[in-house]
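S.K.: Okay, predicted coordinates and the sequence, questions at the end:
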Amino acid sequence: MELNETIAKRTSVRNFTDEDVSIDDLKEMVRCAGLAPSINNSQPWKFYVITNQNILQAMAKAVQMKIDELFPDVSGKDANVKATINIFSTIFVKAPAVIAVAATPYEALSDKLLSHTKLTHDDLNVLRFYPDIQSIGASVENLLLSAVDLGYGACWLSGMLIARTELQEILKIETPYRLITFVAIGKPEGKPVPKKKKKVEEIFQLIE
Ligand SMILES: Cc1cc2nc3c(=O)[nH]c(=O)nc-3n(C[C@H](O)[C@H](O)[C@H](O)COP(=O)(O)O)c2cc1C
């Protein structure tokens with residue numbers, strides 16, 4: 001598929017058929033994710049691939065419990081909001097495959113000069129606005145585009161990270177890695193229609 005076509009075709013897919021995603025295809029998506037740019041070419045990522053439905057059920061249970069713990073029972077309009085949060089945070093449980101993306105700490109070039117300053121690595125990370133997380137974002141977009149290219153649909157998921165600690169335990173993600181985000185993948189049910197996006201004129205600003 002042409003790159004422009006793949007980019008235009010990508011849309012968040014949350015409803016999947018029962019068809020499995022082959023391990024070879026998942027590996028190819030991760031390979032493409034690993035080609036993304038990263039701070040100091042640190043490639044801080046690791047991709048944990050989950051196809052086991054029991055594990056997905058355990059993850060969904062942990063997320064639901066965390067939502068119930070953090071958000072009280074509400075009534076009226078807010079009850080609908082909570083119901084929507086429940087749905088969008090646990091939607092992954094019906095996906096044939098989910099990829100958890102974790103990151104390990106990185107060393108930037110400017111870290112080498114830290115001993116001459118009063119700054120810490122964390123100060124630099126905040127000043128540079130989390131280049132590690134930005135790197136993960138780049139890799140996830142590659143992964144999403146590769147999924148489309150291979151005939152799948154996918155959805156980037158951060159709502160479930162409300163239970164990050166519990167999910168890290170379930171997935172046995174250990175230091176130095178920390179969980180950053182998730183992607184659900186499968187064959188789309190129906191024909192997903194990409195959402196309307198802002199026109200380029202609205203988002204393009206030439207600084208003169
Ligand atoms: C960082 C990030 C986090 C997201 N988290 C969720 C989520 O937790 N649950 C969900 O259903 N969709 C999630 N999405 C998908 C967005 O809702 C979706 O990208 C947005 O509505 C635009 O639709 P499109 O992807 O079809 O263009 C997330 C997207 C991004 C980029």
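M.R.: It's in. Keep in mind that what you see is a predicted model, and the values were worked out from it rather than measured. Residues are numbered from 1 along each chain as shown.
S.K.: need the residues of the chain near the ligand, please.
M.R.: Counting by C-beta under 6 Å from any ligand atom, the residues of the chain close to the ligand are 11, 12, 14, 88, 89, 91, 155, 156, 157, 158, 159, 195. Where you see a C-beta, it was placed from the backbone N, CA and C, and this is true even at glycine.
S.K.: Narrow those residues to just the buried residues.
M.R.: Applying a neighbour-count criterion of 16 or more other C-beta atoms under 10 Å, the buried members of the residues of the chain next to the ligand are 14, 89, 91, 155, 157, 159.
S.K.: would CSV of the residues you listed with secondary structure and pLDDT be doable?
M.R.: Converted to CSV, these look like this (DSSP: H, G, I helix; E, B strand; the rest coil; pLDDT from 0 to 100):
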residue, secondary structure, pLDDT
14, coil, 97
89, helix, 96
91, helix, 96
155, strand, 98
157, strand, 98
159, helix, 96
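S.K.: Nearest to residue 113 among the residues you listed?
M.R.: The shortest approach to residue 113 among those belongs to residue 157, at 37.3 Å (C-beta to C-beta).
S.K.: In which helix or strand does the nearest residue to that closest one once chain neighbours are set aside reside?
M.R.: Distances taken as C-beta to C-beta, 6 or more residues apart in numbering put residue 182 closest to residue 157, at 4.2 Å, once the chain neighbours are dropped. If you go by DSSP states H and E, residue 182 is part of strand 178-186.
S.K.: And residue 168, how far from the ligand?
M.R.: From residue 168 across to the ligand, the span is 17 Å (C-beta to the nearest ligand atom, to the nearest Å).
S.K.: what's across from the residue lying closest to that residue once chain neighbours are set aside in the sheet?
M.R.: Excluding the flanking residues, the one nearest residue 168 by C-beta to C-beta, 6+ apart is residue 179, at 5.0 Å. Counting by DSSP bridges, residue 179 is bridged to residue 102.
S.K.: Could you tell me how many residues sit around residue 179?
M.R.: The number of residues packed near residue 179 is 20, by other C-beta atoms under 10 Å.
S.K.: Would you mark the buried spots in stretch 53-73?
M.R.: Result for stretch 53-73 [16+ other C-beta under 10 Å]: buried residues 56, 58, 59, 60, 62, 63, 64, 66, 67.
S.K.: What mean pLDDT does it get?
M.R.: Average pLDDT, stretch 53-73: 95.
S.K.: now it: how far from the chain's centre is it?
M.R.: Computed by C-alpha atoms, centre = their mean, to the nearest Å, the chain-centroid distance of stretch 53-73 equals 18 Å.
S.K.: Tell me which residues touch residue 17, please.
M.R.: Contact analysis of residue 17 by C-beta atoms under 8 Å, 6 or more residues apart in numbering lists 186, 187, 188, 189.
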